[in-house]
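A.B. asks: got a predicted model here, sequence first, then my questions.
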2 protein chains.
Amino acid sequence: MSDIYKKTHMCGVLTEKNIEEQVVLNGWVQKRRNLGGLIFCDIRDKTGIVQVVFNDKIPQELFEKADRLRSEYVVGVKGIVKERESKNPDLATGGIEVFAEDLVIYSEADTPPIYIKDDDNVDDNLRLKYRYLDLRKHKMQQNLTFRHKLTKLARDYFDSQGFTEVETPMMIKSTPEGARDYLVPSRVSPGSFYALPQSPQMYKQLLMVAGTDRYMQIVKCFRDEDLRADRQPEFTQIDLEMSFVDQDDVIEIQEGFLKRVFKELMNIEIETPFPRISYQEAMERYGSDKPDTRFGFELKKLNDIVSGCEFKVFTDALAAGGDVRGICITGGASQYTRKKIDKLTEAVKSYGAKGMVWIKIEEDKIASSVNKFFSPEELGKIANVFEAKAGDLILIISDKKQVVFDSLGFLRRHIAGEMGLLDDHQYNLLWVVDFPLYEYDEETGEYHAKHHPFTSPNPEDLDRLESDPGSVKAQAYDIVLNGVELGGGSIRIHDRNLQERMFRVLGLSQEEIDEKFGFLVEAFKYGAPPHGGLAYGLDRLVMLLTHQSSIREVIAFPKNQAAQCMVSQAPSPVSEEQLAELGIRLEKTEE
Amino acid sequence: MSDIYKKTHMCGVLTEKNIEEQVVLNGWVQKRRNLGGLIFCDIRDKTGIVQVVFNDKIPQELFEKADRLRSEYVVGVKGIVKERESKNPDLATGGIEVFAEDLVIYSEADTPPIYIKDDDNVDDNLRLKYRYLDLRKHKMQQNLTFRHKLTKLARDYFDSQGFTEVETPMMIKSTPEGARDYLVPSRVSPGSFYALPQSPQMYKQLLMVAGTDRYMQIVKCFRDEDLRADRQPEFTQIDLEMSFVDQDDVIEIQEGFLKRVFKELMNIEIETPFPRISYQEAMERYGSDKPDTRFGFELKKLNDIVSGCEFKVFTDALAAGGDVRGICITGGASQYTRKKIDKLTEAVKSYGAKGMVWIKIEEDKIASSVNKFFSPEELGKIANVFEAKAGDLILIISDKKQVVFDSLGFLRRHIAGEMGLLDDHQYNLLWVVDFPLYEYDEETGEYHAKHHPFTSPNPEDLDRLESDPGSVKAQAYDIVLNGVELGGGSIRIHDRNLQERMFRVLGLSQEEIDEKFGFLVEAFKYGAPPHGGLAYGLDRLVMLLTHQSSIREVIAFPKNQAAQCMVSQAPSPVSEEQLAELGIRLEKTEE
């Protein structure tokens, strides 16, 4: 009754071991060549490609059918595996070929608009429009498979550690804090809206209040932000929460997880525990709260050494409470010409720096952009801070602390990249801890929560919560891999009074607290356990481990930079009836 | 530094084996009694309850602290496990108690608005509002744990069968077919909307076109429907799709899955293969396309036997092309008094039946509601069709076919329930197959897809697709457990021409096809494999296996009947700024 050939093997797995076996394969025609009495046809599935031969010993009808095959036809082939005369060492199946005995054509195909090969260099939007063809590429299917294996491993591991996967709701209350919510109009309550979750934060905390003890979920989250950089409107988190734990407990569980990820998916032994570095040390040494420690170029503070100098740019910065700091690019002097240094100076402007000073240590002298203001001895002193040697390049930024850190943090990583020092196959994992609880916004004069408003302050800093918020440290931690934040979390507040204090320092009135977070504060009334957790950005984690340059490469159907699904052309206009049912109207757009 | 006690055991697992061990427990105070010099305190976590004793041998300060404990305080206790003098056989831990040596109070608690016990019979809305307390109940945590285990098992099983879990997008194109979409306004493209998926149907088919071969996903789906019965706006599917398969392949894989579910989660061996019954047979024997076969009461057709009778209701129904069918309730005569029969007659009205005929077989005579029209011999003939014996009750409906089926299908299950014949611990699994491809809508005179428009017709019916759509069978299948549809699926169309024919029979113009489904039809141009799949309703599956009466009992944070989240009070009004950014306005609601 059925015309479907039951496959005996996937295409990519056949080797010399299968010689003389009769096999049935299903797949797509990668290419077909007719060499007179011999047709060679490469059949592809997600595991790889195998060569099928139609020779003159088969019935004429079958040979003619094979001759009709074109690229991307979908076929079933029955045949015998034979050793190949001229082996192809580049192909996993290159030692064998399959002599066809039968062939069924399931589907014909028009010439596809993109080629099905990994290095096909076509326009991103074309790839996204024909995603179902783009995903036929071996690399793309491998990315999806890797992602599957990683989520499978996460579920296995956390299950073995007593975590329960619980689904939290997708249609929740809008609490306009942080990023912008995606909204969903309610039909039953016209004028009211659900929001899609930016994270299941409050629900996972409620699960702790409910006694679930250890929660995990791999879950879609949503942020309606501008898609600069490599962001997606919907992204996926591995989300975790535990009761009756402190920071060390959470960190230990995560290290066990990442150790297994590297061991089982990458065959790499990584050492635990990972190094921990305080936020302050990370900033002072690397100019970043997600330091890449695969290379040096560490920041040095020059405030003392330049405090009495004649260069007004430095002394003005210091007088304004800023910093003068620099990095030393070992062996960078020859590589960085004036022109290339000018480019760097231009690049740091986007981090707020108004300029950059450079010093080149040469065999017999010290060249610099500030020779007018500094004697060779003074420049030598600066060079000594970095223990700079001939051939090194020193770059200095003087400005507000944050601008100095951001600029130098950018420079050291950017230059390391240009100098080829970023080894994709070295994995430096570390924890950044002791974050400040609050971030001060100079423009508004307000404090914001550095992580989120549910993060617990360090107990010893509690009495400074109102009097000196800027000095309060948080029980928060980020896990960083090669300069990229994989995830972050914190011990949460579980005391309703402390939670309300926290909200008040953030400038929320009692009314706002009640309206936005009242249900969480109320939940804390009825016995909340101490708890904490963490969330990983799954897309980014998979991207890094598969060495892809964008999270779009590890998402089956990503949106483009305009947040559109190129396959289905979403978003799209909807009918008047749909809008009327929801009680909403479109603003007239002005021409 | 940390004041968190590391627990050595969960509360519910301690037994006589742990006697003399020092243990550390974390949990909630279930109750506390001070019997003078002795305080008994039940400590609860999700695994169960254990009794902790504070006696007069401990420091006074500790005893006083214990005396301050109240219900739902969150505590850590260190102590020694001792054999209990008066054992409590109702409690898993009833053989032991823990003599406390230390106590830490993590949180105090107000008196909770609902009691934390399984049989607390409070209002549903109160339970939903204080869901974090409701979920503290042992039964509720067990439901969440069962759900976790089932999804874990599904992932393990399908992974072992070569399935890849792939995440499909949550913000997709609105295609107003079937149920109502939830919409998400786009800020980047004002006036355009995403829809939340009713199912990942088209995306999983695209994955097959992309060569993913076997796909699975446990995924949230959304339908903006009125919440009559036991529905939720967001629900979860176990979603599956396979390439190069026929119906038997899909069914075989699913039977392997369900066999493991019953074995590993219920410790029940179920036999495979499951019975298969055609849609037509299911309707004729059970009046339902999801028959409950745990009991008899099968439908019998009486058309021939009553065709010449004097009872105009029957003959009119037959003349109008309808049916006369009945069921025989074995031993139902005495149980169903006139009054109870009247109630049944009333109940079938909601299925469209205008009336119901009853016949009671008594020892010496046959009583019925139609004695005036039928001779005892004629009634005897009817009774013989059912092989009815004394004490049996026959119920007959005459009407349009569908009304007859629906009414009798309802009656047999309803009465089986009333008579206590529905054994919760018997599991009758079966496949319903050979569904009609189309459903005829009498009101509009149009054909609708019985499953969905991607379902493949039976190949042998292809030539009647346009000429006699009503007679075309689909390659569709539902899996049914005890009268409840657990899931359903089909072999899909993978030929673009057939897909377009299908859409045209459904009355879509070429323009509508292009706009709504163009991308799928286009994808079929470039080589689509034969494929098919299935989706389970996870909530319902978990509900049935945990013997709950509502899917709300197996969802952590369900919505209420007005689609509200009682915990967070979603949906809620949003700010003018949020609406302005989205380019939408609220309709003025009239007072």
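C.D. replies: Happy to help now that I have it.

A.B. asks: got the contact list for the longest helix that chain A contains?
C.D. replies: Identified as the longest helix of chain A according to DSSP state H is helix A:138-160. Residues outside helix A:138-160 that contact it (CB atoms under 8 Å, 6 or more residues apart in numbering or on different chains): A:46, A:48, A:118, A:134-135, A:165, A:214, A:216, A:218, A:238, A:240, A:256-257, A:260-261, A:264-265, A:538, A:541-542, A:545-546, A:548, A:553-554, A:556, B:148, B:152, B:155, B:159, B:164-166, B:210-212. Bear in mind the C-beta positions are built from the backbone N, C-alpha and C, glycine included.

A.B. asks: can you turn the buried part of these into a PyMOL selection?
C.D. replies: Buried subset of the contacts of helix A:138-160, written as a PyMOL selection, criterion 16 or more other CB atoms under 10 Å in any protein chain shown:
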select buried, (chain A and resi 46+48+134+135+165+214+216+218+238+240+257+260+261+265+538+541+542+545+546+548+553+554+556) or (chain B and resi 148+152+155+159+164+165+166+210+211+212)
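
A.B. asks: just the contacts of helix A:138-160: which are in strands?
C.D. replies: Judged by DSSP state E, the contacts of helix A:138-160 include A:48, A:165, A:214, A:216, A:218, A:238, A:240, B:164-165 as members of strands.

A.B. asks: leaving out sequence neighbours, find the closest residue to A:Leu379.
C.D. replies: Using CB to CB, 6 or more residues apart in numbering or on different chains and skipping residues adjacent in sequence, the residue nearest A:Leu379 is A:Ile366, 4.5 Å away.

A.B. asks: ok, the one you found - contacts?
C.D. replies: So A:Ile366 contacts A:359-360, A:376, A:379-380, A:383 (CB under 8 Å, 6+ apart).

A.B. asks: tell me the one of those nearest chain B?
C.D. replies: A:Ala383 (42.0 Å; CB to the nearest CB).

A.B. asks: which element, helix or strand, includes the closest one?
C.D. replies: helix A:376-385 (DSSP states H and E).

A.B. asks: so the closest residue to A:Leu422 other than its chain neighbours, which state does it fall into?
C.D. replies: Closest residue in space to A:Leu422, ignoring its immediate chain neighbours: A:Ala416 at 5.6 Å, by CB to CB, 6+ apart. At A:Ala416 the chain is in helix, as set by DSSP: H, G, I helix; E, B strand; the rest coil.

A.B. asks: okay, now A:Ala416: neighbour count?
C.D. replies: 19 (other CB atoms under 10 Å in any protein chain shown).

A.B. asks: ditto for A:Glu443
C.D. replies: A:Glu443 - counted by other CB under 10 Å - has 5 other residues nearby.

A.B. asks: can you confirm it is in a strand?
C.D. replies: No: assessed with three-state DSSP, A:Glu443 is coil; it does not lie in a strand.

A.B. asks: now the residue nearest to A:Leu379, which residues is it bridged with?
C.D. replies: A:Ile361 (DSSP bridges).

A.B. asks: next one: it from chain B, what distance?
C.D. replies: A:Ile366 sits 48 Å away from chain B, taking CB to the nearest CB, to the nearest Å as the criterion.

A.B. asks: how about A:Glu439?
C.D. replies: Between A:Glu439 and chain B the computed distance is 23 Å (CB to the nearest CB).

A.B. asks: circling back: among the ones in strands among the contacts of helix A:138-160, which has the minimum pLDDT value?
C.D. replies: Among the ones in strands among the contacts of helix A:138-160, A:Gly48 carries the weakest pLDDT, at 95.

A.B. asks: and A:Met1, what pLDDT?
C.D. replies: Reading off the model, A:Met1 has pLDDT 36.

A.B. asks: scratch that, A:Thr589 is what I was asking about
C.D. replies: The model's pLDDT for A:Thr589 equals 59.

A.B. asks: tell me which element the residue of the stretch 251-400 of chain A found nearest chain B is part of?
C.D. replies: In the stretch 251-400 of chain A, the residue that lies nearest chain B is A:Glu252 (11.0 Å; CB to the nearest CB). Taking DSSP H and E as the criterion, A:Glu252 maps to helix A:247-266.

A.B. asks: which strands and helices sit next to the helix holding A:Ala383?
C.D. replies: Applying 3 or more CB pairs under 8 Å, 6 or more residues apart in numbering or on different chains; DSSP states H and E, one finds that helix A:376-385 contacts helix A:303-306, strand A:357-361, strand A:366-368, strand A:393-399.

A.B. asks: adding mean pLDDT, write these out as TSV.
C.D. replies: Shown next, in TSV, are the helices and strands packed on helix A:376-385 (pLDDT from 0 to 100):
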stretch	mean pLDDT
helix A:303-306	95
strand A:357-361	96
strand A:366-368	93
strand A:393-399	97
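
A.B. asks: can you add distance to B:Gly178 and give these back as TSV?
C.D. replies: Converted to TSV, the helices and strands packed on helix A:376-385 look like this (distance: least, CB to CB, whole Å):
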stretch	distance to B:Gly178
helix A:303-306	68
strand A:357-361	66
strand A:366-368	72
strand A:393-399	59
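
A.B. asks: how about the helices in the stretch 351-500 of chain A?
C.D. replies: A:376-385, A:401-418, A:496-505 (DSSP state H, counting those that start in this stretch).

A.B. asks: angle of the longest helix of chain A against helix A:247-266?
C.D. replies: If you take axes from the mean of the first three to the mean of the last three CA atoms, to 10 degrees, helix A:138-160 sits at 140 degrees to helix A:247-266.

A.B. asks: just the buried residues of helix A:138-160, please?
C.D. replies: Result for helix A:138-160 [16+ other CB under 10 Å]: buried residues A:138, A:140-141, A:143-159.

A.B. asks: for chain A, name the helix or strand with the lowest mean pLDDT.
C.D. replies: Least confident helix or strand, chain A: strand A:446-449 with a mean of 88, by mean pLDDT, DSSP states H and E.

A.B. asks: remind me what it packs against, helices and strands.
C.D. replies: strand A:438-441.

A.B. asks: pull out the buried positions in the strand it packs on.
C.D. replies: So for strand A:438-441, counting by 16+ other CB under 10 Å, buried means A:Tyr438.

A.B. asks: name the strands paired with it and say parallel or antiparallel.
C.D. replies: strand A:446-449 (antiparallel).

A.B. asks: before we move on, back to that, looking at the helices of the stretch 351-500 of chain A, which is buried most?
C.D. replies: When you average the neighbours per residue for each of these (mean count of other CB atoms under 10 Å in any protein chain shown), helix A:401-418 leads with a mean of 21.

A.B. asks: and the angle for it with strand A:393-399?
C.D. replies: Using the same axes, to 10 degrees: helix A:401-418 against strand A:393-399 is 160 degrees.

A.B. asks: report the buried residues of the least confident helix or strand of chain A.
C.D. replies: A:447, A:449.

A.B. asks: check stretch A:230-246 too.
C.D. replies: Buried, per 16+ other CB under 10 Å, within stretch A:230-246: A:232-246.

A.B. asks: and the nearest residue to A:Asp461 once chain neighbours are set aside, what's its pLDDT?
C.D. replies: Closest residue in space to A:Asp461, ignoring its immediate chain neighbours: A:Val472 at 4.3 Å, by CB to CB, 6+ apart. Predicted confidence (pLDDT) at A:Val472: the value is 96.

A.B. asks: right, and A:Val472 touches A:Asp434 too?
C.D. replies: No: using CB atoms under 8 Å, A:Val472 makes no contact with A:Asp434, being 10.8 Å away.
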